[in-house]
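this one's sequence-less:
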């Protein structure tokens, strides 16, 4: 069985060796846990974002940065191909572990989830779990976790704190922007999971999404990073069984479609729970290849108008 923690470890060790080049910083905590700041106090870089993204998916994706035009303006895009999409996306990359300890809050993703089984329902559905002496977690957070937080994570994973590697990036960092755009395939897989689709039919997956410009505040960053996927993110899935569920995945199914995510986030008092999941966890477009019949289906559309409005808008102070 594939071990997402073991598979991601060489990427983590490579990041540690090249920390200065990548613009990241490695901290050894008093309990032995290894903390890698990829975008909280440190700047990071595009390559650090790609490495973070690969770790987050258990080493099972191949991400690249490609520069492409949107309405005549050049922007960086994340392109990715996914190996073992069920394990990579739902078993590792899915942001399925909310971590709250004292003042610390983070969305936890990455291989460590497959040790802690967070959330258990996902791992029951995909019939996967990991066994590893090393735990690797990726955290989207605005501050760095301390030793107590890392000990809590290690305990949930059943490993010693000295065997924990925690990679952290803020939403409002270049690494944060890249890793969120790199979740585009996982968004589609998550929707299929919620719909009850038999995920074992998924054969291959790939995707692309523009990388959001770094914004000044968390709230602004939440808006623009989500808009990249909602209005310009593309997913390609190959499956052994076509279902009408695929037609309901794209963001244009939402009644809130057409409005920048920041506007919706502000109106929801900056609580993402108050925003419908059809928009917040949906790609802009989806192409499906039914491997049984050979047919190709396409749903959704790219919306450059809303995306560029999101990129260029002057937000109010929050």
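Arrived safely. Bear in mind that the values here come from a model prediction, so they are computed numbers and not experimental data.

Skipping adjacent residues, who's closest to the residue nearest the centre of the chain in space?
Against the mean C-alpha coordinate of the chain, by C-alpha atoms, centre = their mean, the closest residue is residue 183 at 3.6 Å. Leaving aside its sequence neighbours, residue 183 sits nearest to residue 93 (C-beta to C-beta, 6 or more residues apart in numbering; 6.3 Å). C-beta: built from backbone N, CA, C; applies to glycine.

Can you give me every residue that contacts the residue nearest to the centre of the chain?
Residues near residue 183 by C-beta atoms under 8 Å, 6 or more residues apart in numbering: 93, 95, 229.

ok, so of these, who is nearest residue 59?
Comparing those against residue 59 with C-beta to C-beta places residue 93 closest, at 10.9 Å.

and that closest one, how far is that from residue 185?
Per C-beta to C-beta, to the nearest Å, residue 93 is found 8 Å from residue 185.

The two - which one has more neighbours?
Shown here are residue 93 and residue 185; by other C-beta atoms under 10 Å, residue 93 has more neighbours (33 against 28).

correct me, but the more buried one touches residue 186?
Yes - Residue 93 is within contact range of residue 186, at 4.7 Å (criterion: C-beta atoms under 8 Å).

okay, and the common contacts of the two?
Joint contacts of residue 93 and residue 186 (C-beta under 8 Å, 6+ apart) are residue 57.

hey, what's in contact with both of residue 93 and residue 185?
residue 61.

about what we covered before: and the least confident of the contacts of residue 183?
The lowest pLDDT within the contacts of residue 183 belongs to residue 95, with 95.

Phi first, then psi, for residue 304.
When read as degrees, to the nearest 10, the backbone of residue 304 gives phi -70, psi -30.

Give the burial count for it, as a bare number.
Neighbour number of residue 304 under other C-beta under 10 Å is 16.

pLDDT value on it, please?
96.

now the one 3 residues further on
Residue 307 is assigned a pLDDT of 96 by the prediction.

Check residue 72 too.
At residue 72, pLDDT is 89.

how much space between it and residue 304?
10 Å.

can you check residue 160 too?
49 Å.

How about residue 16?
39 Å.

Just give the nearest non-adjacent residue to residue 24, would you?
For residue 24, the closest residue by C-beta to C-beta, 6+ apart turns out to be residue 38, at 4.8 Å.

Give me the secondary structure label for residue 38.
Secondary structure for residue 38, judged by DSSP: H, G, I helix; E, B strand; the rest coil, is strand.

which residues does it contact?
With C-beta under 8 Å, 6+ apart, residue 38 has these contacts: 15, 22, 24, 44, 48-49, 52, 167-169, 173, 175.

would JSON lines of those residues with neighbour count be doable?
Converted to JSON lines, the contacts of residue 38 look like this (neighbours: other C-beta atoms under 10 Å):
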{"residue": "15", "neighbour count": "23"}
{"residue": "22", "neighbour count": "25"}
{"residue": "24", "neighbour count": "28"}
{"residue": "44", "neighbour count": "26"}
{"residue": "48", "neighbour count": "28"}
{"residue": "49", "neighbour count": "29"}
{"residue": "52", "neighbour count": "31"}
{"residue": "167", "neighbour count": "28"}
{"residue": "168", "neighbour count": "28"}
{"residue": "169", "neighbour count": "30"}
{"residue": "173", "neighbour count": "27"}
{"residue": "175", "neighbour count": "34"}
